[in-house]
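# model the following, please.
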Amino acid sequence: GTSTASAKAMGEFPLAQPLAAVWASSLFGVFAVLLLLFSAVGPCKHKAGQAAHHLAMVFPFAYLAYEGFRVTLANRGSPPPGAHARIFDAEPGAEVFAPTMLGMQLFDLVTTCAIPGMRRPDAIAHHLLSLVLAWNLAVSGVMTHWLPFFFGILEVSSVPLCFVDFLRAFPEVAARLDAFNEAMRLLFAGTFLPVRCLLTPLYVGRWWVDFLELHAAGDPDIHKDRALFYLFASTSVVLCVLQFYWGFKIVKAAAKMLKGDKGGREKEY
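Reported below is the predicted structural model:
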């Protein structure tokens, strides 16, 4: 692999990176257009901000998931040799993930704080933590071998979830689009469970093996960016716990759906 020097040479201010700026500005622009549209016409006037947010988020999630699969498949025959290379060498094509995630999380955090009905403390904490992580990864340029999964493939279930969240917020719209709603719910469960509940622990475990090997050996690069690695390490453990918790709730919701029970969906997950 190649050195991370080229990534660091992009500058210490991550939002100056083109992809981060493009995604942040584009998402705010799309949100503004959708907000005006939903505020003017249709059944979403009373929660136009939520409607605009949920639909705007489809675009970055779809892009990240697509790039995650594309980069993973393109590089599948040549994994970096050794723990140090897998954490510090640049993965071809993977430079898009950290700045894209940074721009998306900036938009997500601002809109979550600004829109009534979305200001949940857990959601704000999640977006703030993701923003800090993406910011530091965009600055350092490390771990690009792991980002096609953690910032890419992992988001494949978020695409149908955007539509599930939108339709959950507007039951009258969901009633009119019942077949589409049920299809999105099934697609969400069918992507979340294998990717987030099965693959995520495997990738987290593999990353921990590399991290602990370098940490135990006193690798100077690990210790130089130790705050970032400790943050990612702790976040990865919390991520796995949350995936199993949400996976349990999704299995319960799917079982209810198969029985034809559509009650209580506003409190599912």
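
# need the contact list for residue 136.
227, 228, 231 (Cβ atoms under 8 Å, 6 or more residues apart in numbering). Where C-beta positions appear, they are placed from N, C-alpha and C, glycine not excepted.

# repeat that with 6 Å
residue 228 (Cβ atoms under 6 Å, 6 or more residues apart in numbering).

# ditto for residue 144
90, 91, 94.

# for the residues you listed, give me a markdown table that also has distance to residue 33.
Output for the contacts of residue 144, formatted as a markdown table (distance: Cβ to Cβ, whole Å):
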| residue | distance to residue 33 |
| --- | --- |
| 90 | 36 |
| 91 | 35 |
| 94 | 31 |
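
# from those, which is closest to residue 206?
residue 91 (14.4 Å; Cβ to Cβ).

# over to the closest one: give its phi and psi.
Backbone geometry at residue 91, expressed as degrees, to the nearest 10, gives phi -90, psi 130.

# thought it was touching residue 146?
No - contact criterion Cβ atoms under 6 Å: residue 91 and residue 146 do not qualify, at 8.3 Å.

# run a quick neighbour tally on residue 122.
Residue 122 has 8 neighbouring residues, counting by other Cβ atoms under 10 Å.

# which one of the contacts of residue 144 is nearest residue 221?
residue 90 (13.5 Å).

# does the closest one have beta-bridge partners, and which?
Beta-bridge partners for residue 90, by DSSP bridges, are residue 2.

# tell me, how many residues neighbour it?
Residue 90 has 20 nearby residues by other Cβ under 10 Å.

# going forward, the N-terminal residue is numbered 20.
Done: numbering now begins at 20, and the last item shifts to residue 109.

# look up how far residue 96 lies from it.
In this view, residue 109 and residue 96 are 17 Å apart by Cβ to Cβ, to the nearest Å.

# could you give me the average pLDDT of the one helix or strand residue 193 maps to?
Per DSSP states H and E: residue 193 is located in helix 190-195. The pLDDT scores in helix 190-195 average 94.

# what residues sit buried inside that helix?
192, 193 (16 or more other Cβ atoms under 10 Å).

# run through who's touching it.
62, 186, 200.

# and the next element down the chain from that helix?
helix 197-211.

# what comes up buried for the helix or strand that comes right after that next one?
For helix 197-211, the following helix or strand on the C-terminal side (DSSP H and E) is helix 219-235. Judged by neighbour count (16+ other Cβ under 10 Å), helix 219-235 contains these buried residues: 219, 222, 223, 226, 229, 230, 233, 234.

# how about the helices in the chain?
24-27, 37-59, 67-75, 77-93, 102-107, 116-133, 140-159, 166-169, 177-188, 190-195, 197-211, 219-235, 239-243, 245-277 (DSSP state H).

# rank those helices by pLDDT, which is bottom?
helix 24-27 (a mean of 42).

# surely residue 127 meets residue 145?
No - the criterion here is Cβ under 6 Å, and residue 127 misses it with residue 145 at 9.0 Å.

# ok, residue 179 - how many residues close by?
Using other Cβ under 10 Å, residue 179 has 21 neighbouring residues.

# for residue 98, see how far away the nearest residue to residue 169 once chain neighbours are set aside is.
Beyond its immediate neighbours in the sequence, the residue positioned closest to residue 169 (Cβ to Cβ, 6 or more residues apart in numbering) is residue 222, lying 7.0 Å away. Applying Cβ to Cβ, the value for residue 222 to residue 98 is 13 Å.

# also residue 135?
Taking Cβ to Cβ, one finds residue 135 at 47 Å from residue 98.

# need the contact list for residue 211.
Residue 211 touches 176, 269, counting by Cβ under 6 Å, 6+ apart.

# ok, it to residue 151 distance?
In terms of Cβ to Cβ, residue 211 sits 24 Å off from residue 151.

# coming back round to it: closest one to residue 38 out of the contacts of residue 163, please.
Of the contacts of residue 163, the one sitting nearest to residue 38 (Cβ to Cβ) turns out to be residue 113, at 12.1 Å.

# how about the contacts made by the closest one?
90, 163, 166, 167.

# most neighbours, which of these?
residue 163 (29 neighbours).

# returning to what we had before: with pLDDT and distance to residue 33 added, can I get the contacts of residue 163 in TSV?
Formatted as TSV, the contacts of residue 163 follow (pLDDT from 0 to 100; distance: Cβ to Cβ, whole Å):
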residue	pLDDT	distance to residue 33
109	92	16
110	94	18
113	96	16
